[in-house]
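>>> Give me coordinates for this.
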Amino acid sequence: MTGMDDRDGAPGSRSIEKFREFFSWSMCIDQYVLKPLSHIAGNWEAEWDHDAKKYAPEASSFAEDLNQVIELVATCPRPLSYHDHEDILAERAVRDSKWPIGKQGSRWVGADYVGLLERGAFGDLDQRNLIAAAAGRVHAAMARGQKHIDDMEDRHRYMLAALLSIIIYHRHCGGKSLVMPADEEG
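Below is the predicted model of the structure:
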């Protein structure tokens, strides 16, 4: 794994609460993060629990997984470059698939970038690179004065949400999901 920034990136030197607040009571996080996973857990609309200060766990929902992923991102040390962590995943996908994909400047060309990251993440132990990339994107947004996910520039919000979705998907594939089964009523 690539380096982390010890100057202001250690969990003890920044407010983890600000990271939690970054994701709190979002108007779009469920649509961007959970809806793409609705083929697995159909209840993708997340409700904010103001008392617990997290998304309310519900049947057939990844809301509790989202809460756990927010904690993982909040406690991850600030990476020196979140792009480095994404590149590790993309390079793995290209190497393993032998697809005609390459990097031109700072951009990957020849494939859907999110799909490339999802495929490359299959070898990402405990989703470390995914989590570091997501943490880095939150740090970058906050450094630009964007204190909440709903305030992010659209493309950056889309990429952060995609990383969170991929983390939840890989937790589910690895048997670590906290999704509650649907009620068996009626």
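>>> show me what contacts the spatially most central residue of the chain?
Geometric centre of the chain, nearest residue: Leu164, 2.0 Å, by Cα atoms, centre = their mean. Residues near Leu164 by Cβ atoms under 8 Å, 6 or more residues apart in numbering: 33, 66, 69, 73, 134. Placement of C-beta: from N, CA and C, glycine included.
>>> Would you map the strands across this structure?
In the chain, the strands defined using DSSP state E lie at 48-49, 54-55, 102-104, 107-109.
>>> Give me the sheet partners of the last one and which way each runs.
Spelled out, it's strand 107-109. strand 102-104 (antiparallel) (DSSP bridges).
>>> hmm, who's touching the partner strand?
Counting by Cβ under 8 Å, 6+ apart, 87, 90, 94, 108-110 sit against strand 102-104.
>>> Throw together a PyMOL command that grabs the buried residues out of those residues.
Here is the PyMOL command that selects the buried residues among these (16 or more other Cβ atoms under 10 Å):
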select buried, resi 87+90+94+108
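>>> Among the contacts of strand 102-104, which has the minimum pLDDT value?
Lowest pLDDT of the contacts of strand 102-104: Gly110, 82.
>>> got a list of what the nearest residue to it once chain neighbours are set aside touches?
Nearest-residue entry for Gly110: Ile101, 3.8 Å, with adjacent residues in sequence omitted and distances by Cβ to Cβ, 6 or more residues apart in numbering. Taking Cβ under 8 Å, 6+ apart, we find Ile101 in contact with 90, 93-94, 108-111, 116.
>>> 6 Å instead?
94, 110-111 (Cβ atoms under 6 Å, 6 or more residues apart in numbering).
>>> And for Ser60, the neighbour number?
Residues within reach of Ser60, counting by other Cβ atoms under 10 Å, total 15.
>>> Then Glu58?
18.
>>> before we move on, what about Asp126?
Neighbours around Asp126, by other Cβ under 10 Å: 13.
>>> Also Gln104?
8.
>>> when you give positions from now on, start the count at 3
Shifting the count to begin at 3 puts that one at Gln106.
>>> Okay, and the beta partners of it?
With DSSP bridges as the rule, Gln106 is bridged to Arg109.
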